[in-house]
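Visitor: Below is the sequence, then the predicted model.
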Amino acid sequence: MPAPLPTQPDDLSIGGLAAATGVSRDGLRFYEARGLIRARRRSNGYRAYPLEAVELVRYIRTAQQLGFTLAEIGEGMAQVWQQPDTNAAVSALLRDKLATIDARIASLQAMRDALAVRVGLPCPLATT
């Protein structure tokens, strides 16, 4: 087992990070298991998160609320942090997600229109 990473005096415990972000301890452990956040281990084995983890968890939560999957968030974060202009990189991710949502809406609208045509037919599943 590798030696634990040294902790910093301003590291947050998992409870502190949970309180600062509104994400449960189990949720934070899940994010860590998925590789979205990383904790150091204190000498007692407890998790210690850097202060930057607060913003990272908020980023993850916001992205989830905007419809991104955790896999998309993980891939997107890796792309964003490699770019010199992170704002432009995030905007590109948002544009791509918007295009995906627009395509889904168009597909659902076509499905709705096809269903509406069949309403009231003697056998609604018969071809028209």
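Guide: Arrived safely, thanks for sending. Numbering: from 1, shown residues only.
Visitor: for this protein, which helix is longest?
Guide: Across the chain, the longest stretch assigned as helix under DSSP state H is helix 86-118.
Visitor: what packs against that one?
Guide: In this structure, helix 86-118 packs against helix 70-82, with contacts taken as 3 or more CB pairs under 8 Å, 6 or more residues apart in numbering; DSSP states H and E. For glycine as for every other residue, the C-beta is placed from the backbone atoms N, C-alpha and C.
Visitor: what angle separates the helix it packs on from helix 86-118?
Guide: 150 degrees (axes from the mean of the first three to the mean of the last three CA atoms, to 10 degrees).
Visitor: helices and strands around helix 70-82, which ones?
Guide: Secondary structure elements in contact with helix 70-82, counted by 3+ CB pairs under 8 Å, 6+ apart, are helix 52-65, helix 86-118.
Visitor: related to what we said a few turns ago, report the buried residues of the longest helix of the chain.
Guide: Counting neighbours by 16 or more other CB atoms under 10 Å, one finds that the buried residues in helix 86-118 are 89-90, 93, 97.
Visitor: Check the residues you listed against Arg34 and report the nearest one.
Guide: The shortest approach to Arg34 among these belongs to Leu93, at 17.7 Å (CB to CB).
Visitor: Isn't that closest one up against Ala78?
Guide: No - the pair Leu93 and Ala78 fails to qualify as a contact (CB atoms under 8 Å) at a distance of 11.3 Å.
Visitor: okay, the worst-scoring helix or strand of the chain on mean pLDDT in CSV with CA atoms only?
Guide: Every helix and strand in the chain was compared by mean pLDDT, DSSP states H and E; the lowest is helix 70-82, with a mean of 89. Coordinates of each C-alpha in helix 70-82 appear next as CSV, following Å, rounded to 0.1, in the frame of the first residue of the first chain:
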residue,chain,number,x,y,z
LEU,A,70,-21.0,11.5,-14.9
ALA,A,71,-19.1,9.9,-17.7
GLU,A,72,-19.5,13.0,-19.8
ILE,A,73,-18.4,15.2,-16.9
GLY,A,74,-15.3,13.1,-16.4
GLU,A,75,-14.4,13.2,-20.1
GLY,A,76,-15.2,16.9,-20.3
MET,A,77,-13.2,17.8,-17.2
ALA,A,78,-10.1,16.1,-18.7
GLN,A,79,-10.5,18.1,-21.9
VAL,A,80,-11.2,21.4,-20.1
TRP,A,81,-8.2,21.3,-17.8
GLN,A,82,-5.9,20.6,-20.8
